[in-house]
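Asks: dropping a prediction and its sequence here:
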Amino acid sequence: MIAAKFAVSLRKFKLLNSISKKILVNMSSNALSICDSKNEEETWIFGYGSLVWKADFPFEEQRTGFVKGFCRRFYQNSIDHRGTHDKPGRVVTLIQSKDPDAKVWGMGYRIGSADTQRVLCHLDHREKNGYDRHRVLFYPYPPSDAQTNDPKNILLYVATVDNPSFAGQSDSLEAIAGQILSAAGESGKNPEYVYKLAEAMRQLYPGEEDEHLFELERILRAMDTGDGTGDRSVSGSN
Ligand SMILES: N[C@@H](CCC(=O)N[C@@H](CS)C(=O)NCC(=O)O)C(=O)O
């Protein structure tokens, strides 16, 4: 009886997994290889993690707004920016949501056509650990009198579930916070990444909920006896 139940749930898991991969693969098949070709169409980039608070590239316009059908999760191990191979940190990626209207709030950036190739080559390098470029619809919000409010094709970087640094979806927020607490990489301490993203979301979208992000921030701050960047040496603790 148990074996039969296990076989059924295994079949269900495989079916779900293959569906979610198909959706993500379809998106990635639209991925543009702009890095090595000229593109005349307007290029927009969507940030939902460090690209929200660390836009280290030229852009001509930025718009607040969201993408739909995903949820933002700290399910990607970072072995470069916020961790090392021996002590990986955690950064965000996007997971397919069961709710097609689920919103992930972030920031859209319009890249000048003269900068497109250089910016995308820069971001391809920055997001080199497991992230692929995908194209989805971006919904500018709130509406603006000065700018167009129609949904736009936008490029974003997603660390898909089959990349080598994907950390899985089963760790508790306490376990994720414990991994983040003492991790650091070439871009700095891992707690700082969480604090800056949470603060940016509160500033940009006051009142909007993101339970995963804000609960993780709460747990991490309770663990973090340092100066808020994850530097515990400040408090004299070892
Ligand atoms: N692609 C997401 C996540 C980007 C992200 O956080 N990527 C890491 C790469 S592991 C990064 O750029 N980190 C820079 C930093 O931590 O300062 C976004 O649009 O913001």
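Replies: Alright, I've got the coordinates. Numbering: from 1, shown residues only.
Asks: so which bits of this structure are right by the ligand?
Replies: Contact residues, the chain versus the ligand (CB under 6 Å from any ligand atom): 47-52, 54, 78, 81-82, 91-92, 126-127, 129, 131, 156-157, 187, 193. (Glycine included, C-beta is placed from N, CA and C.)
Asks: swap the cut-off to 8 Å and go again
Replies: Residues of the chain found near the ligand (CB under 8 Å from any ligand atom) are 45-52, 54, 76, 78, 80-82, 91-94, 106, 126-127, 129-131, 156-159, 185, 187-188, 193.
Asks: which of the residues you listed fall within strands?
Replies: Those of these mapping onto strands are 45-47, 76, 78, 91-94, 106, 131, 156-159, 185, 188, per DSSP state E.
Asks: just give me the neighbour total for Cys121.
Replies: Number of residues near Cys121 (other CB atoms under 10 Å) recorded here: 13.
Asks: is it correct that it falls within a helix?
Replies: Yes: assessed by DSSP: H, G, I helix; E, B strand; the rest coil, Cys121 belongs to a helix.
Asks: enumerate every residue touching the most centrally placed residue in the chain.
Replies: Centroid-nearest residue in the chain, with CA atoms, centre = their mean: Thr93, separated by 3.4 Å. Residues in contact with Thr93, defined by CB atoms under 8 Å, 6 or more residues apart in numbering, are 49, 72-73, 75-76, 130-131, 158-160, 166.
Asks: of these, grab the buried ones for ChimeraX.
Replies: Buried residues among the contacts of Thr93 (16 or more other CB atoms under 10 Å), as a ChimeraX selection:
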select :49,72,73,75,76,130,131,158,159,160,166
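Asks: and of the contacts of Thr93, the nearest to Arg110?
Replies: Of all these, Gly49 has the smallest distance to Arg110: 19.2 Å, by CB to CB.
Asks: counting neighbours, what do you get for the closest residue to Phe46 other than its chain neighbours?
Replies: Take Phe46 and drop its neighbours on the chain: the residue closest to it by CB to CB, 6 or more residues apart in numbering is Leu156, 4.1 Å away. Leu156 is flanked by 27 other residues according to other CB under 10 Å.
Asks: for Leu156, list each beta-bridge partner.
Replies: Beta-bridge pairing of Leu156 under DSSP bridges involves His134.
Asks: contact partners for it?
Replies: Taking CB under 8 Å, 6+ apart as the test, what Leu156 contacts is 45-48, 67, 94, 133-136.
Asks: one more: Trp44?
Replies: Trp44 touches 108-111, 138, 152-155, counting by CB under 8 Å, 6+ apart.
Asks: what confidence value was assigned to the closest residue to it other than its chain neighbours?
Replies: Leaving aside its chain neighbours, Trp44 sits nearest to Ile154 (4.2 Å; criterion: CB to CB, 6+ apart). pLDDT for Ile154: 97.
Asks: who's in contact with the nearest residue to Gly106 once chain neighbours are set aside?
Replies: Once flanking residues are discounted, Gly106 sits nearest to Tyr48: 3.8 Å by CB to CB, 6+ apart. Applying CB under 8 Å, 6+ apart to Tyr48 gives the contacts 67, 72, 92, 94, 104-106, 156.
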